[in-house]
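Engineer: no sequence for this one, just the structure:
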């Protein structure tokens, strides 16, 4: 299957650069996954589309302030470090700019020596394995020195870093936000629960590989980066009960979707307490085993994310919806509007 099938023209002015003043002020497109029918509304309308007995699944990961600015200890040259994945202890996989300045053995200092890092290994495409040294608690040092790792298509500065976190974020570990969840407020979640919609939480720590365009010519050649996920026994039980009682399971975001499909695929459609690493790649032809619907944002052309969405609602339906979104001037990407596929 050609990657070009998932391309579309997107005017640059439709890429949302800043979050709206109110989280739930975004627009909501509803796409019927069977017929392709489209309707338009505002995000609070989600309470009309979900029914008693449904279960909404949220990813409670929290974004690390994972972008650090330091300098080489020996020359003072400026170095930018992006934390990607914790290997073990204080050793991390990172991306470095400019990578050519950081060789094995290089020492980088941050915040007048509050934090130092030694390069243990050089990898391709700017990747470096770093071991960090500090006093105190690493995440507290990171909070004081780091910046939010906003995607490269966002050029504006973020005034309030909490706007790149969901209101229910709690498990620190992501290099990017699960952006479909940014629309929710505590009030909307309360209204859904009062209506009889269950809310369940999983954790998947989002890596930057999730958002990169697919560089291969054919979809089948693309390889996903592995990401850590976790499902508790309580969430597994709630999901199994929802399915047994005839309710629908609706995931918030591609990250929640990939987690549920990873677990359900290994257990004949059932859910169980589990943690591990997933590199599942979902594209048209995939048969869903864990979910019935999904809330998602509008994604990059030729990305693995638009392929996942197309596998749920059909490529023609999705590409038509995207053409409609461009025509109707929906806001795209991380701080953009939402699409509900049911």
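Structural biologist: That came through, no problem. As the structure is a prediction and not an experimental result, all values here were calculated from the model. Numbering: from 1, shown residues only.

Engineer: tell me the contacts of residue 54?
Structural biologist: With contacts defined as CB atoms under 8 Å, 6 or more residues apart in numbering, residue 54 is in contact with 197, 198, 242, 247, 248, 249, 250. In short, each C-beta sits where N, CA and C put it, glycine included.

Engineer: give the rounded mean pLDDT of stretch 34-46.
Structural biologist: The average pLDDT within stretch 34-46 is 98.

Engineer: contacts for it?
Structural biologist: Here stretch 34-46 makes contact (CB under 8 Å, 6+ apart) with 24-32, 183, 188, 192, 295, 313-314, 316-317, 320-321, 324, 328, 337-338, 340.

Engineer: of these, buried ones?
Structural biologist: 24, 26-31, 183, 188, 192, 295, 313-314, 317, 321, 337-338, 340 (16 or more other CB atoms under 10 Å).

Engineer: circling back: so which of the contacts of residue 54 belong to strands?
Structural biologist: 198, 249, 250 (DSSP state E).

Engineer: could I get those residues as TSV with pLDDT, neighbour count and distance to residue 123?
Structural biologist: Below are the ones in strands among the contacts of residue 54 laid out as TSV (pLDDT from 0 to 100; neighbours: other CB atoms under 10 Å; distance: CB to CB, whole Å):
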residue	pLDDT	neighbour count	distance to residue 123
198	98	18	42
249	98	26	38
250	98	25	38
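
Engineer: including distance to residue 94, could the residues you listed go into CSV?
Structural biologist: Output for those, formatted as CSV (distance: CB to CB, whole Å):
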residue, distance to residue 94
198, 38
249, 36
250, 35
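
Engineer: show me the protein divided up by domain.
Structural biologist: Domain ranges of the chain: 3-63+160-341, 67-145, per automatic domain parsing.

Engineer: sorry, back to before: how about the contacts of residue 54 in CSV, adding distance to residue 15?
Structural biologist: Shown next, in CSV, are the contacts of residue 54 (distance: CB to CB, whole Å):
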residue, distance to residue 15
197, 31
198, 34
242, 36
247, 36
248, 32
249, 31
250, 26
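
Engineer: next, the buried residues of stretch 189-198.
Structural biologist: Using 16+ other CB under 10 Å as the test for burial, stretch 189-198 gives 189, 192, 197, 198.

Engineer: my error: substitute stretch 171-182 in the last question.
Structural biologist: Within stretch 171-182, the residues scored as buried using 16+ other CB under 10 Å are 171, 173, 174, 175, 176, 177, 178, 179, 180, 181, 182.

Engineer: strands of the stretch 51-200 of the chain, residue ranges please.
Structural biologist: Applying DSSP state E, counting those that start in this stretch to the stretch 51-200 of the chain gives strands spanning 55-59, 61-63, 67-72, 78-88, 91-97, 107-110, 115-122, 127-134, 171-174, 198-204.

Engineer: following the last one, which helix or strand shows up next?
Structural biologist: Per DSSP states H and E, strand 198-204 leads on to strand 227-231 as the next helix or strand towards the C-terminus.

Engineer: tell me the one among the ones in strands among the contacts of residue 54 nearest to residue 151.
Structural biologist: Using CB to CB, residue 250 comes nearest to residue 151 of these, at 25.0 Å.

Engineer: dump the residue contacts of the closest one.
Structural biologist: Neighbours of residue 250 in contact, by CB under 8 Å, 6+ apart: 50, 54, 55, 56, 57, 291, 292, 293, 294, 295, 342.
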